[in-house]
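Chemist: What follows is a predicted structure for the sequence shown.
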Amino acid sequence: MRVKLGCFTLPFRKIAFAEALSAIRAAGFEHVGVWPEDSSGMLLDFEPGSKKPKELAKRVRDSGLRVSVLFGRVCPLDEKTEREFCVRLDQAVELGASEVLSIAPWPYAQGIDVRRPEAEWSEEVSRFWKHLAPAARHAEKVRMTISYKPHTGLTATARECAEFVRRAGSAAVRISYDPGNVSFYEGVRPETDLPLVARNVASICVKDHRGARGNNDFPNPGKGSVDWRSIFTTLKQAGFSGPATVEKLAGTTPEEMAASAVETAAFLKGLLGGI
C-alpha cells in the first residue's frame, strides 16, 4: 500500500525544529507533518506575506523531508480566527503541504465527562459553521484541503465525521482519521468505526491507544489495541493514498522518542508493504 508515510514534529516540540527534522529523517520517514512550534516558540506567525513559511520550507527540504500536513492550530470562530485560518492555508501552500489539519469546537467544560452548557455549546457551533464557510471557499481557491480529526463533539466518531463533511458542503473539507482519538475519547473501536467515513478520509493520524475510554496510555503504533492492518486495509479498499502521519511517540526524552520513531517507522513500513 502506497501512502505518504511521515511523522509530526509535535512529539519533538520541546527541542529545536532542526533536531526534530533530523530525528524524523534518521528514523526512515520521508514526509513530515509540521507542528508550528518548537522549543524556541512559534515557528509561523499570522502575518500575510511573511517570509517564515518559505524559510521553513527550505529547512524541511534541506533535511531531506517533504511536508505533507500542516497542523493549523486555529479554530475559525470569529473574524480574527477566520483570517488566521486563511493565512494558515496560504502558508500550507508555501510549505508544499497537501492539507491543513484542524479540530472543531470542544464540547466539554471539564475533562471528557462534564459537558459545557447546551446554550453556550450551540452558540459556539453556530459561529464555527459561519466562519468555516469562507475559510473553505478560500481553501478551494488555493487548492488546499482542510482536514478535521475525530476530537469529540462535531467529529466524535465516523458517523459524526461523515455528517460534518456533508454539512460543510465543500470538496475542500475532509477528515483526518485518528484511531487513537476514537478509542480514547469515545471508547469506540476504530476498526468498526472507520468504514462509515473511509471514503471521506484525506489523511490519517497514526496514533495508538490502550485501555478503556479516557485511559491516558498512547504506546507506539503496533503496541496498543488498534488493529492497524484492519485500519489500512479499510483505507486501501476506499482508494486512500494520502498522508499517514505519526502523532504520538512513547518516551519523555528526545533520545527515547527518536528510538520510538525508528521502531514505529519500521513497524509501519513492514505493515504497509504487506497490504
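Modeler: Structure's in. What do you need?
Chemist: wait, A109 sits on E118?
Modeler: No: taking contacts as Cβ atoms under 8 Å, A109 lies outside contact range of E118: 11.3 Å. (C-beta placed from N, C-alpha, C; glycine too.)
Chemist: Between these two, which has more neighbouring residues?
Modeler: Set A109 next to E118 and count neighbours by other Cβ atoms under 10 Å: A109 wins out with 12 against 9.
Chemist: State the pLDDT value of that one.
Modeler: Listed pLDDT for A109 reads 97.
Chemist: what about stretch 23-39, how long is it end to end?
Modeler: 15 Å (Cα to Cα, to the nearest Å).
Chemist: buried sites along it?
Modeler: Of all the residues in stretch 23-39, those buried under the rule 16 or more other Cβ atoms under 10 Å are 23-25, 27, 29, 31-38.
Chemist: ok, now stretch 256-271?
Modeler: For stretch 256-271, the neighbour count (16+ other Cβ under 10 Å) marks M257, A258, A259, S260, A261, V262, E263, T264, A265, F267, L268, L271 as buried.
Chemist: quick one on the thing from earlier: same list (the buried residues of stretch 23-39) but as JSON lines, adding pLDDT, secondary structure and distance to F46.
Modeler: Converted to JSON lines, the buried residues of stretch 23-39 look like this (pLDDT from 0 to 100; DSSP: H, G, I helix; E, B strand; the rest coil; distance: Cβ to Cβ, whole Å):
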{"residue": "A23", "pLDDT": "98", "secondary structure": "helix", "distance to F46": "28"}
{"residue": "I24", "pLDDT": "98", "secondary structure": "helix", "distance to F46": "25"}
{"residue": "R25", "pLDDT": "98", "secondary structure": "helix", "distance to F46": "28"}
{"residue": "A27", "pLDDT": "98", "secondary structure": "coil", "distance to F46": "31"}
{"residue": "F29", "pLDDT": "98", "secondary structure": "coil", "distance to F46": "28"}
{"residue": "H31", "pLDDT": "98", "secondary structure": "strand", "distance to F46": "25"}
{"residue": "V32", "pLDDT": "98", "secondary structure": "strand", "distance to F46": "21"}
{"residue": "G33", "pLDDT": "98", "secondary structure": "strand", "distance to F46": "20"}
{"residue": "V34", "pLDDT": "98", "secondary structure": "strand", "distance to F46": "15"}
{"residue": "W35", "pLDDT": "98", "secondary structure": "coil", "distance to F46": "16"}
{"residue": "P36", "pLDDT": "96", "secondary structure": "coil", "distance to F46": "10"}
{"residue": "E37", "pLDDT": "97", "secondary structure": "strand", "distance to F46": "13"}
{"residue": "D38", "pLDDT": "97", "secondary structure": "strand", "distance to F46": "17"}
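Chemist: ok, the residues you listed vs K130, which is closest?
Modeler: Using Cβ to Cβ, P36 comes nearest to K130 of these, at 25.0 Å.
Chemist: re earlier: pick out whichever of the buried residues of stretch 256-271 sits closest to E247.
Modeler: So of those, ranked by how close each gets to E247 (Cβ to Cβ), first place is T264, at 10.7 Å.
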